[in-house]
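> sequence first, then the predicted structure:
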Amino acid sequence: MFESVMVARPGADSRIPINVWTVDGRPSRLVAGAERFTVINSPTPLAEADLILSAGVTHPPTSSAWRFTVRAADGESSVLDVACTPEGWFLLRRWE
């Protein structure tokens, strides 16, 4: 079963808040808005240089960021970049 779930909290910039469930510390499924996704490959950790931060951030928060492929309930696949920050989980990028 799932180890943890973190509920999204509103962010101060353009990141999209999401809800993420993890297994062994890695994302396994998520909800973004009204869409549900299942992770279908092994999540790859992202380096801090890959993260998008607001230009006004002078002390970037410690975060854990991942890139992985997901499948939506309708069968569509996408590649997502997500990050876990002290403010919650956020969707950073989506490629369809």
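Thanks, I have the structure now.
> from here on, contacts and neighbour counts on C-alpha atoms
Noted.
> so what's the residue count around W21?
Per other CA atoms under 10 Å, the neighbour tally for W21 reads 19.
> where does pLDDT dip in the protein?
Across the chain, the ranges flagged by pLDDT under 70 are 1-14, 48-63.
> ok, which stretches of it are strands?
Taking DSSP state E as the test, the strands found in the chain are 4-6, 16-23, 26-32, 35-39, 44-45, 64-72, 77-85, 88-95.
> what sits up against the fourth one?
Under the criterion CA atoms under 8 Å, 6 or more residues apart in numbering, residues P27, S28, R29, L30, V31, F68, T69, V70, R71, A72, A73 lie in contact with strand 35-39.
> neighbours of the residue nearest to the last one when sequence neighbours are not counted, just the number please.
Think A73. Of all residues beyond its chain neighbours, the one nearest A73 is R36 (6.2 Å), with distances taken as CA to CA, 6 or more residues apart in numbering. Close neighbours of R36, defined as other CA under 10 Å, add up to 15.
> R36 bridge partners, please.
In this structure, R36 bridges to V31 when assessed by DSSP bridges.
> what about it, distance to G75?
11 Å (CA to CA, to the nearest Å).
> how far away is the closest residue to V39 other than its chain neighbours from A47?
In this structure, V39 finds its nearest non-sequential neighbour in V70, 4.3 Å apart by CA to CA, 6+ apart. Here the criterion is CA to CA. By it, V70 lies 20 Å from A47.
> okay, those two: which has more neighbours?
Neighbour tally, V70 and A47, criterion other CA under 10 Å: the higher count belongs to V70, 23 against 11.
> assess the claim that the more buried one and R94 are in contact.
No - under the criterion of CA atoms under 8 Å, V70 is not in contact with R94, lying 10.1 Å apart.
> which residues are common contacts for those two?
Here V70 and R94 have S78, V79, L80 as joint contacts, going by CA under 8 Å, 6+ apart.
> got a ChimeraX select line for the buried ones in those residues?
Only the buried members of those end up in this ChimeraX selection, burial being decided by 16 or more other CA atoms under 10 Å:
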select :78,79,80
